[in-house]
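# Please work out how this folds:
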Amino acid sequence: MNVDIYNKQLHVSCSTAWQRYFTHLDDQKKMTEDEGKSRKRKAIVDEVDDLKSKKQKLQIDKDSMTAAADDFADKDEKQHKLTLIAKSNAMRKSAREKEAELNAVEQQLQGELLQFSNE
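Next comes the predicted model:
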């Protein structure tokens, strides 16, 4: 009850405390936004890394299937067995399917990289 409400120091102290509180709230808001952006960026980077490894595995599979198909075709030329040419054609078909998958992954990777560069 005995508080002097006309004390200038008391008014200044209250107003600076109020300003510090709002500054603190702004800092918290900025920190939350930054954390959200960094989580989103990390998710994109992880997705890009996964797509790159998937692309590499698909490329290896496609190359090995193409090499196996060539081997079967060469053996067919030498041995004149139609089963080998059938295996060669099956391998080439699988290699074409892997190529289609590889192209899809490449497009997805380009989209993710574009999204990452826009951030």
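# what's stretch 78-91 in contact with?
65-66, 68-70, 72-73, 75-76 (Cβ atoms under 8 Å, 6 or more residues apart in numbering). In this view, the C-beta of every residue, glycine as well, is placed from N, C-alpha and C.
# Can you tell me which of those residues are classed as buried?
65-66, 68-69, 72-73, 75-76 (16 or more other Cβ atoms under 10 Å).
# Narrow those to those in helices?
Using DSSP state H, 65-66, 68-69, 72-73, 75-76 are the members of the buried ones among the contacts of stretch 78-91 that sit in helices.
# Now render these as a markdown table, adding pLDDT and distance to Val45.
Converted to a markdown table, these look like this (pLDDT from 0 to 100; distance: Cβ to Cβ, whole Å):
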| residue | pLDDT | distance to Val45 |
| --- | --- | --- |
| Met65 | 87 | 31 |
| Thr66 | 88 | 32 |
| Ala68 | 87 | 35 |
| Ala69 | 87 | 36 |
| Phe72 | 82 | 41 |
| Ala73 | 85 | 42 |
| Lys75 | 85 | 45 |
| Asp76 | 83 | 47 |
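# mind giving me a markdown table with the residues you listed and columns for distance to Lys40?
Shown next, in a markdown table, are those (distance: Cβ to Cβ, whole Å):
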| residue | distance to Lys40 |
| --- | --- |
| Met65 | 37 |
| Thr66 | 39 |
| Ala68 | 42 |
| Ala69 | 43 |
| Phe72 | 48 |
| Ala73 | 49 |
| Lys75 | 53 |
| Asp76 | 53 |
